[in-house]
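>>> The following block contains a protein sequence and its predicted model.
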Amino acid sequence: MTKEQSEPRWPGLMIVLSAPSGAGKGAIRRRLQERLPHLRYAVSVTTRPMRPGEIDGVNYHFVTPEEFHARVEAGYFVEWAKVYGNYYGTPREPMETWLREGHDVICEKDVQGALKLMDIYPEAVYIFTMPPSLEELRRRIERRGTESPEARAQRLASADCEMACVDRYDYVVVNDDLERAVDDIIAIIRAEKLRSCRQRHLVDQVRSGGRIG
Ligand code: 5GP
């Protein structure tokens with residue numbers, strides 16, 4: 001029996017990456033974009049204060065809580081959530097336009113955001129990135145040094161709950177070595193794009209006497 005596949009709505013592939021805070025999701029995404037320059041990143045909107053080195057419009061669109069709530073009212077977000085006391089939301093646009101145009105799009109979501117997206121975009125691929133150990137996660141959060149001790153403890157406690165949801169994801173990638181984790185994700189993207197439901201037009205082309213390539 002073949003795996004049930006959701007019919008892709010759009011030619012572009014949507015990739016949703018989740019990971020406990022500090023598991024290296026940002027570094028993975030940046031490296032992926034270096035290696036796959038055509039991959040688009042759907043930037044989220046947040047009310048969290050900007051961290052040193054972050055750029056508005058690149059890492060997030062940073063807005064005030066008032067602006068965030070106005071956008072919620074206006075139906076601007078596909079999903080939004082309160083994570084560690086701050087609001088985060090996924091704008092519907094330009095993500096859906098990119099997918100419609102055939103671009104592959106990656107976005108980063110916490111587990112609650114990803115679970116909501118699974119209902120809205122069942123055809124997307126959901127990848128959970130894990131640290132090699134909780135001890136390593138603690139070290140990475142401490143090294144980042146951007147959170148208070150209370151916020152760090154909260155992020156570590158959440159990591160355990162988040163990992164309990166891993167069965168809902170399509171794939172799990174351990175981020176022990178950055179380059180290997182990126183290799184794994186590139187392999188997943190490649191395999192997803194070769195799924196029969198994404199290749200039907202090629203099959204039709206060959207069956208009607210055409211040639212591919
Ligand atoms: P950070 O503040 O460390 O960048 O992110 C905190 C958490 O919020 C991470 O788990 C991140 O994946 C998640 N996050 C980022 N953008 C969004 C979003 O648009 N929606 C949801 N639900 N979570 C998000």
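On my side now, so go ahead.
>>> Pull the number of nearby residues for the closest residue to the ligand within the chain.
Among the residues of the chain, Gly113 lies closest to the ligand, at 2.3 Å counting by CB to the nearest ligand atom. For every residue, glycine as well, the C-beta is placed using N, CA and C. Around Gly113 there are 22 other residues, counting by other CB atoms under 10 Å.
>>> I'd assumed it was in a helix, is it?
Yes: Gly113: assigned to a helix according to DSSP: H, G, I helix; E, B strand; the rest coil.
>>> can you pull the contacts of it?
Going by CB atoms under 8 Å, 6 or more residues apart in numbering, Gly113 touches Ser18, Glu79, Trp80, Ala81, Val83, Tyr88, Thr90.
>>> Could you pull out the helices in this structure for me?
For the chain, applying DSSP state H gives helices covering 25-35, 65-73, 95-101, 111-120, 134-144, 149-163, 178-193, 196-207.
>>> Can you lay out those helices as a markdown table showing mean pLDDT and distance to Gly53?
A markdown table is the format used below for the helices of the chain (pLDDT from 0 to 100; distance: least, CB to CB, whole Å):
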| stretch | mean pLDDT | distance to Gly53 |
| --- | --- | --- |
| helix 25-35 | 92 | 11 |
| helix 65-73 | 98 | 22 |
| helix 95-101 | 97 | 25 |
| helix 111-120 | 94 | 23 |
| helix 134-144 | 83 | 11 |
| helix 149-163 | 84 | 18 |
| helix 178-193 | 97 | 18 |
| helix 196-207 | 90 | 37 |
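>>> Those helices: which one's closest to Tyr126?
helix 111-120 (5.9 Å; CB to CB).
>>> How many residues are close by the closest residue to Asp184 other than its chain neighbours?
Nearest residue to Asp184, sequence neighbours excluded (CB to CB, 6 or more residues apart in numbering): Val173, at 4.7 Å. Applying other CB under 10 Å, we find 22 residues neighbouring Val173.
>>> and if you look at Lys109?
That count, for Lys109 with other CB under 10 Å as the rule, works out to 23.
>>> who in this protein is up against the ligand?
21, 44, 48, 79, 81, 83, 88-90, 108-110, 112-113 (CB under 6 Å from any ligand atom).
>>> what's the distance between the residue nearest to Asp184 and Asp183?
9 Å (CB to CB, to the nearest Å).
>>> can I assume Pro11 is in contact with Gly102?
Yes: shown here, Pro11 and Gly102 form a contact pair, counting by CB atoms under 8 Å, at 4.0 Å.
>>> Can you tell me what sits against stretch 173-192?
Contacts for stretch 173-192 (CB under 8 Å, 6+ apart): 13, 15, 17, 19, 23-24, 27-28, 31-32, 35-36, 104, 125, 127-132, 136, 170-171, 198.
>>> Select only the buried ones of those residues in PyMOL?
Buried subset of these, written as a PyMOL selection, criterion 16 or more other CB atoms under 10 Å:
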select buried, resi 13+15+17+19+23+24+28+31+32+36+104+125+127+128+129+130+131+171+198
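>>> In strands only, show me the contacts of stretch 173-192.
Among those, the subset assigned to strands under DSSP state E consists of Ile15, Leu17, Val125, Ile127, Phe128, Thr129, Met130, Tyr171.
>>> Fine, thanks again, bye for now.
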